[in-house]
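S.K.: predicted model follows, preceded by the sequence.
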Amino acid sequence: MILLLLLIAVPLGVSLLTFTLFWYETANSEHLQYLEDLSNGRPGRLLIKGIISSYLSLTVTLLLYPASFWRRWWEPRLDPDCPAPPIILLHGLYHNVSAWTLYRRWLAAAGFSNIVLMGYSSWNQSFHALVKRLEQLIAQMEERFPDKPPILIGHSLGGLVARACVHSPKNPSRVGGVITLGTPHQGSRMAALGLGKLARSIIYRSALIRELELGAEKADVPCIALYSPIDNMVLPSSALQTACAGWIHQEVAPISHVAMLFHRPTAKLTIEYLKSMCRGS
């Protein structure tokens, strides 16, 4: 009974708190007018839709979370005969590899059989250590698939790690492309409420964010940033877009931050971009 109450109370509490902060931020910015236009003068409906999508997606997240402890569930099963490049999936802050439960199925159904999940702890890692781990994983994929640079897909903080990797001068042509989902490309004011040094490192316009922008070289591969107009974890909303050159920014349906992991239309759009990257390679 207690677990059931927690399963209801925690997602609902987080959803209400984060969307309250989102609304406060939006009501004092130009983004409110954008939502007015997007909703035909009814931004409250978008807010309700966002809260519902947040609650449902967080509930699913809690239910799936223990699956990451079953190692066989998420270890990659690589197919050397698959013509598509390998895909490396990077989850966000406080999440784990179970974040990609549906995406892994959708990607496999679309012909992307070689899917690798990069898991990490949000408590004992620095941002630069995560970038280094990703570079090591890319090196492993280079050994297995020498003619197929992997494509990186990252949700939230995972997208920021992928972006740092693709813009590094140490990694020219090692990656076939990058797609980010709800990534705080300029940090997030919401990170001030986070626990741990990893969360604090991505506060809006933090030293890390400025460092990433200053040292970024224009990537010579496709880089796509998908984002929601009502993302409740990345504040302000303008922080969902990167200042780095060469990126394509595309808005998806108005859903919550975590809901992007379970939203089929967003996944279909992601797969379309992946196939476009493959045709262009």
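M.R.: Structure's in. What do you need? Residues are numbered from 1 along each chain as shown.
S.K.: can you pull out the strands in the stretch 101-250 of the chain?
M.R.: Along the stretch 101-250 of the chain, counting by DSSP state E, counting those that start in this stretch, strands occupy 115-118, 151-155, 177-181, 223-227, 247-251.
S.K.: mean neighbour count and distance to residue 265 added to those strands, as CSV?
M.R.: In this view, the C-beta of every residue, glycine as well, is placed from N, C-alpha and C. Below are these laid out as CSV (neighbours: other Cβ atoms under 10 Å; distance: least, Cβ to Cβ, whole Å):
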stretch, mean neighbour count, distance to residue 265
strand 115-118, 21, 20
strand 151-155, 26, 16
strand 177-181, 26, 12
strand 223-227, 23, 11
strand 247-251, 14, 12
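S.K.: looking at the ones you listed, which is nearest to residue 280?
M.R.: Nearest to residue 280 among the strands of the stretch 101-250 of the chain is strand 177-181; the distance by Cβ to Cβ comes to 8.5 Å.
S.K.: got the CA positions of the closest one in PDB?
M.R.: The C-alpha coordinates for strand 177-181 follow below in PDB (Å, rounded to 0.1, in the frame of the first residue of the first chain):
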ATOM      1  CA  GLY A 177      25.600  12.100 -36.300                       C
ATOM      2  CA  VAL A 178      24.000  13.300 -33.100                       C
ATOM      3  CA  ILE A 179      20.300  13.600 -32.100                       C
ATOM      4  CA  THR A 180      19.400  15.100 -28.700                       C
ATOM      5  CA  LEU A 181      16.000  14.900 -27.000                       C
END
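S.K.: which stretches of this structure form helices?
M.R.: With DSSP state H as the criterion, the chain has helices at 2-27, 31-38, 43-64, 71-74, 101-109, 127-144, 157-166, 197-200, 207-214, 264-280.
S.K.: buried stuff in the fourth one?
M.R.: Residues of helix 71-74 classed as buried by neighbour count (16 or more other Cβ atoms under 10 Å): residue 74.
S.K.: pull the distance from that helix to the chain's centre.
M.R.: Offset of helix 71-74 from its chain centre (Cα atoms, centre = their mean, to the nearest Å): 21 Å.
S.K.: which residues are in contact with that helix?
M.R.: Contacts made with helix 71-74 from outside it, assessed by Cβ atoms under 8 Å, 6 or more residues apart in numbering, are listed as 67, 68, 97, 98, 117, 119.
S.K.: just to check, the last one is in contact with residue 97?
M.R.: Spelled out, that is residue 119. Yes. Residue 119 is within contact range of residue 97, at 4.3 Å (criterion: Cβ atoms under 8 Å).
S.K.: name the residues contacting each of those two.
M.R.: By Cβ under 8 Å, 6+ apart, the residues touching both residue 119 and residue 97 are 68, 74, 91.
S.K.: how far away is the second one from residue 157?
M.R.: I take that to be residue 74. Note on residue 74: its distance to residue 157, by Cβ to Cβ, to the nearest Å, is 18 Å.
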